[in-house]
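Novice: coords below, sequence missing:
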């Protein structure tokens with residue numbers, strides 16, 4: 001089966017001391033090799049990127065990402081960080097199109113397309129986040145909405161470029177402190193649709209949204225799910241290590 005990706009975005013949490021402790025504990029636990037069949041990754045805040053990279057070390061099995069990047073390589077874009085700058089800081093992944101970026105910072109399908117292209121142009125992995133609101137779900141439009149988000153962001157990519165993309169399906173109604181965990185039954189159809197469209201074309205299709213230690217194994221058992229993108233449960237190192245263990249056990253089946 002495909003390698004299972006298991007990662008976390010720290011969002012706007014952790015100071016440098018907390019980031020050092022988390023990254024140092026992970027490095028000590030892994031001892032230079034990832035769990036069998038699992039690709040770990042972490043996406044800290046921009047201020048911690050180089051610190052975490054230094055602690056994980058050269059050749060670390062843990063991929064490092066940034067939570068956003070601009071589509072232009074350089075220029076007068078106050079407050080932005082370019083893909084080359086992110087790469088210079090050690091990033092290998094660029095998170096693109098998270099629902100919080102779409103809602104609060106004007107991210108659109110058009111800008112996600114530009115950012116995906118920029119990441120690929122510089123050899124980084126685009127981690128494209130897609131997901132629908134509770135209102136769209138209630139109206140029965142979930143599948144159409146997420147397929148439109150994915151198709152819009154990935155429009156024009158060739159086979160080789162598309163093969164370097166990771167998609168993360170994160171329904172808005174299931175993420176954050178106010179989100180509720182999705183049931184397996186609710187996720188079968190979205191992942192069936194994403195699988196039909198992309199399972200043999202992209203690196204992976206991950207699930208994110210109120211993932212915890214109680215539901216992680218069941219989520220990994222859904223057809224076409226090839227990993228987990230986790231928030232709060234993985235902010236504690238102990239939680240993240242347990243998620244890696246669960247994924248390794250699943251990969252061994």
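Specialist: Now that the structure is in, tell me what you want to look at. The structure presented is a predicted model; accordingly, all values stated were derived computationally and were not measured. Residues are numbered from 1 along each chain as shown.
Novice: The closest residue to residue 22 other than its chain neighbours: how many residues sit nearby?
Specialist: Distance criterion C-beta to C-beta, 6 or more residues apart in numbering; nearest residue to residue 22, sequence neighbours excluded, is residue 237 at 5.1 Å. (C-beta placed from N, C-alpha, C; glycine too.) The tally of other residues near residue 237 (other C-beta atoms under 10 Å) stands at 16.
Novice: so residue 237 touches residue 24, yeah?
Specialist: No - between residue 237 and residue 24 there is no contact under C-beta atoms under 8 Å: 9.1 Å.
Novice: about what we covered before: how close does the residue nearest to residue 22 sit to residue 28?
Specialist: Distance from residue 237 to residue 28, counting by C-beta to C-beta, to the nearest Å: 10 Å.
Novice: nearest residue to residue 189 other than its sequence neighbours?
Specialist: The shortest distance from residue 189 to any non-neighbouring residue, by C-beta to C-beta, 6+ apart, is to residue 143 (6.1 Å).
Novice: tell me the contacts of that neighbour?
Specialist: Neighbouring residues of residue 143 by C-beta atoms under 8 Å, 6 or more residues apart in numbering: 189-190, 193.
Novice: give me that answer again for 10 Å
Specialist: 132, 136-137, 189-194 (C-beta atoms under 10 Å, 6 or more residues apart in numbering).
Novice: and the residue nearest to residue 22, what pLDDT?
Specialist: pLDDT recorded at residue 237 is 98.
Novice: State the distance from it to residue 27.
Specialist: When distance is defined by C-beta to C-beta, residue 237 is 11 Å away from residue 27.
Novice: The stretch 101-250 of the chain: strands as residue ranges?
Specialist: For the stretch 101-250 of the chain, the strands defined by DSSP state E, counting those that start in this stretch occupy 125-130, 166-169, 204-207, 227-230.
Novice: tell me what the second one is packed against?
Specialist: Packing partners of strand 166-169 (3 or more C-beta pairs under 10 Å, 6 or more residues apart in numbering; DSSP states H and E): strand 4-9, strand 93-96, strand 125-130, helix 142-154, helix 184-198, strand 204-207, strand 227-230.
Novice: In CSV, list those along with mean pLDDT and distance to residue 85.
Specialist: Listed next are the helices and strands packed on strand 166-169 as CSV, based on pLDDT from 0 to 100; distance: least, C-beta to C-beta, whole Å:
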stretch, mean pLDDT, distance to residue 85
strand 4-9, 98, 18
strand 93-96, 98, 11
strand 125-130, 98, 16
helix 142-154, 98, 22
helix 184-198, 97, 29
strand 204-207, 98, 25
strand 227-230, 98, 23
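Novice: okay if I get those as TSV plus distance to residue 217?
Specialist: Written out in TSV, the entries for the helices and strands packed on strand 166-169 read as follows (distance: least, C-beta to C-beta, whole Å):
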stretch	distance to residue 217
strand 4-9	11
strand 93-96	24
strand 125-130	23
helix 142-154	24
helix 184-198	11
strand 204-207	12
strand 227-230	10
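Novice: Residue 187 reaches residue 195, doesn't it?
Specialist: No - counting by C-beta atoms under 10 Å, residue 187 stays clear of residue 195, with 11.3 Å between them.
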